[in-house]
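# my questions are about this predicted structure, shown below with the sequence.
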2 protein chains.
Amino acid sequence: MNLLIVNRSELVSDSTALISGRRVSHLNEILDSSAGSGLKVGLLGGKRGRGVIKKIDSESAEIDLDLTDDPPAKLPLTVIIGLCRPKVLSRLIADLTAYGVRHIEIVQTFFGDKGYWANGLFTPEGISEALLKGLEQSMDTIEPTVTLVKRFGPYSEDVLPKYSMDSKCYVAHPGSGTKLGDIAAAEQSCIAVGPERGFTKYEVNQFLKAGFQPVSLGERIIRTEAAVHVCVSNFL
Amino acid sequence: MNLLIVNRSELVSDSTALISGRRVSHLNEILDSSAGSGLKVGLLGGKRGRGVIKKIDSESAEIDLDLTDDPPAKLPLTVIIGLCRPKVLSRLIADLTAYGVRHIEIVQTFFGDKGYWANGLFTPEGISEALLKGLEQSMDTIEPTVTLVKRFGPYSEDVLPKYSMDSKCYVAHPGSGTKLGDIAAAEQSCIAVGPERGFTKYEVNQFLKAGFQPVSLGERIIRTEAAVHVCVSNFL
C-alpha cells in the first residue's frame, strides 16, 4: 500500500477522515503507525497529499489530511480481455489500474467459461477491491471504468465500431503481419487480447470488421495474463 | 499444454515414448485422447514434432514420435529478479520460460524475506515444474538456466561485473533518466528488477558499479511481477 485511499463518505470534516477495516490493520500491523505518524493519502476520485494520524486503535483511525496534488496522468488506453480465470482477471484489473489504463472491458467469448461470471470478483465489491489494490499500488486516486460484457454478438456489432471512430484499435492475433512493437502509441488506443485458447475466427473477424488492426506479439504462445502485460507495455 | 514434453528417460525406443503422471491425466481428461490421436510433442532438450498415441489407459500412454523441427529461438536475455513471494516467482519463471529468456537469476536482496527459500518452489522439482509449464505453453523444449543467489555481496562483486563484459546490462530504477522504451534490444542483454519494496541504495550502486545502466519503467510504481513483464516486453 503506497497510498492510503479514503472515501468521501469517510470525511468527518473537510480535512479529517475516519477510516476502519483492512487499512487500519495495515497501519497497525505493517506500518506500525501511531498518533503523529505521517503517511501518503489520497481521496478516491480526488487529490493526493500527506496525512497525519490523530488517533488510532485496533478498529479505526482518524487522519488529518492535506491533499494538494493531482493524481498521475492516465494512459489513454482501453484494454479488452476475453473472459478467463477470475483469479487472473482480478490480478489483471489491479495491474491495469496501476498502469493507469483508462477503461477495462471483460468480454465473454467462445472460449470463456460462462460459469466464471458467478465468481465474487464480478460483484461490484469484487471489482472495487481489485481497483483499489491497483490505485494503492500506483498512488493513483482515479479508478478506470470497468465494463462486463456477457454477449459478444451485439457488442461486436454495436460497441466495437465506435471505438475505432476515435481510437487506434488493435487485436492481438498470432501470425499477424504487424508486430506490436512496430506500432506507435497514439492519443487514444484500444487493444483486445483473447482468453487462454484465443479468439475464434469469427470473433477476430468481428474485430477486423469493426476497424481493429491485427497485431502479433511474437512467435511464441504466451498466457493471456502475460499477453496483456506485453500489450500495455507498448503504450507506457 | 500446447506441447507435450517427454524426457529422454521415457524413450523406450528411438521413436517411442512411454509417459505417465500429469500428462496422461491431461491427455485423458482435457484432450479426451485415444489410440490413434495425434498431438504435438517435444523431447526435453531436443526436437519437436508430431506424436501419435499407440496405447493409452488411466496410468500411462505409449506415443510414436516423429520429431523433426528445431525448438523456437531463444531471446538473448538474462533476467535478474529480487527474491519475492514464491507464488509470484513460480509464475514468473514459467512466463519467462515461455518468453524464451535464456537465463534467470533469483537474488536475495535486503527487502527479500529469507524464509521464502524454504518454499517448495526452490527445490529442483519445484523449479523443473515451473520451467516445464513455460515450455509446454510456448512449445519450446530448451529450459532456461536458473540460478538461486543467496548472498548479494559476493555476487554483486564477482558475478555482475562479468555480465556487463559481453551484454548490455540494465537495472530497473524509478526516477532514472533513461526510459526503458528508449533502449534498443542488443545481441545480449541483461535486466534486473528489484523485489516488492525495490533495491536498496547500496544494491543499486552495486549494479551501477558493475556496469549496469539505470532505466525507468515510467512514473508509476507497479508490482515486481508487472515490472518483469514490462522489462521483457522491451526485448521481444
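Happy to help now that I have it.

# secondary structure class for residue A:97?
helix (DSSP: H, G, I helix; E, B strand; the rest coil).

# okay, now the closest residue to residue A:26 other than its chain neighbours: neighbour count?
Setting aside the residues directly before and after it, residue A:26 is nearest to residue A:1 in space (Cβ to Cβ, 6 or more residues apart in numbering or on different chains), at 5.5 Å. In this view, the C-beta of every residue, glycine as well, is placed from N, C-alpha and C. Here the count is done by other Cβ atoms under 10 Å in any protein chain shown, and residue A:1 has 18 residues near it.

# residues contacting residue A:1?
A:23, A:26, A:30, A:136-137 (Cβ atoms under 8 Å, 6 or more residues apart in numbering or on different chains).

# so for chain A, the centremost residue is which one?
For chain A, residue A:97 is the residue whose C-alpha lies nearest the centre (Cα atoms, centre = their mean; 3.1 Å).

# chain A against chain B: which residues are in contact?
A:2, A:72-73, A:95, A:98-100, A:137-140, A:181, A:217-223, A:225-226, A:229-230, A:233-234, A:236 (Cβ under 8 Å from any Cβ of the partner chain).

# emit the ChimeraX select command for whichever of those residues are buried.
Only the buried entries of those go into this ChimeraX selection, using 16 or more other Cβ atoms under 10 Å in any protein chain shown:
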select /A:2,72,95,98,99,100,137,138,139,140,181,217,218,220,221,222,223,225,226,229,230,233,234,236
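
# hmm, residue A:42 is touching residue A:65, no?
No. At 9.4 Å, residue A:42 does not count as touching residue A:65 under the criterion of Cβ atoms under 8 Å.

# find residues that contact each of those two.
With Cβ under 8 Å, 6+ apart as the test, residue A:42 and residue A:65 both reach A:6, A:49.

# please name the nearest non-neighbouring residue to residue A:210.
residue A:160 (3.5 Å).

# so who does the one you found touch?
Neighbours of residue A:160 in contact, by Cβ under 8 Å, 6+ apart: A:169, A:206-207, A:210-212.

# which elements pack onto the helix or strand of chain A with the lowest mean pLDDT?
Between all helices and strands in chain A, the lowest mean by mean pLDDT, DSSP states H and E belongs to strand A:178-179, at a mean of 90. Where contact means 3 or more Cβ pairs under 8 Å, 6 or more residues apart in numbering or on different chains; DSSP states H and E, strand A:178-179 is packed against strand A:213-216.

# and the residue lying closest to residue A:172 once chain neighbours are set aside, what are its bridge partners?
With Cβ to Cβ, 6+ apart as the criterion, residue A:172 has its nearest non-adjacent residue at 4.8 Å, and that residue is residue A:193. When bridges are called by DSSP bridges, residue A:193 pairs up with residue A:81.

# what's the distance between residue A:193 and residue A:100?
Using Cβ to Cβ, to the nearest Å, one gets 18 Å for the distance from residue A:193 to residue A:100.

# swap in residue A:41?
From residue A:41 to residue A:100 the distance is 19 Å (Cβ to Cβ).

# now residue A:120. Nearest residue, chain neighbours left out?
Nearest one to residue A:120, counting by Cβ to Cβ, 6+ apart, is residue A:126 at 4.7 Å.

# using PDB, list the CA coordinates for stretch A:68-79.
Extracted in PDB, the C-alpha atoms of stretch A:68-79 (Å, rounded to 0.1, in the frame of the first residue of the first chain):
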ATOM      1  CA  THR A  68      -2.800  19.300  -2.600                       C
ATOM      2  CA  ASP A  69      -1.600  17.200  -5.600                       C
ATOM      3  CA  ASP A  70      -3.300  15.900  -8.600                       C
ATOM      4  CA  PRO A  71      -3.200  12.100  -9.300                       C
ATOM      5  CA  PRO A  72      -0.800  10.900 -12.000                       C
ATOM      6  CA  ALA A  73      -2.000  11.200 -15.600                       C
ATOM      7  CA  LYS A  74      -3.900   8.200 -17.100                       C
ATOM      8  CA  LEU A  75      -2.800   6.200 -20.100                       C
ATOM      9  CA  PRO A  76      -5.200   7.000 -23.000                       C
ATOM     10  CA  LEU A  77      -5.800   3.300 -23.400                       C
ATOM     11  CA  THR A  78      -8.700   0.900 -23.300                       C
ATOM     12  CA  VAL A  79      -8.000  -2.800 -22.700                       C
END
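
# flag every buried residue along that stretch.
A:71-72, A:75-79.

# OK, contacts around the residue nearest to the centre of chain A?
Applying Cβ under 8 Å, 6+ apart, the residues near residue A:97 are A:104, A:130-131, A:133-135, A:137-138, A:140, A:143-144.

# before we move on, back to that, and residue A:42 and residue A:65? which has more neighbours close in?
residue A:42 (25 against 21).

# got phi/psi on the more buried one?
Residue A:42 adopts backbone torsions of phi -130, psi 150, taken as degrees, to the nearest 10.

# what bridges to it?
residue A:5, residue A:48.

# how much space is there between the residue nearest to residue A:26 and chain B?
Going from residue A:1 to chain B by Cβ to the nearest Cβ, to the nearest Å gives 11 Å.
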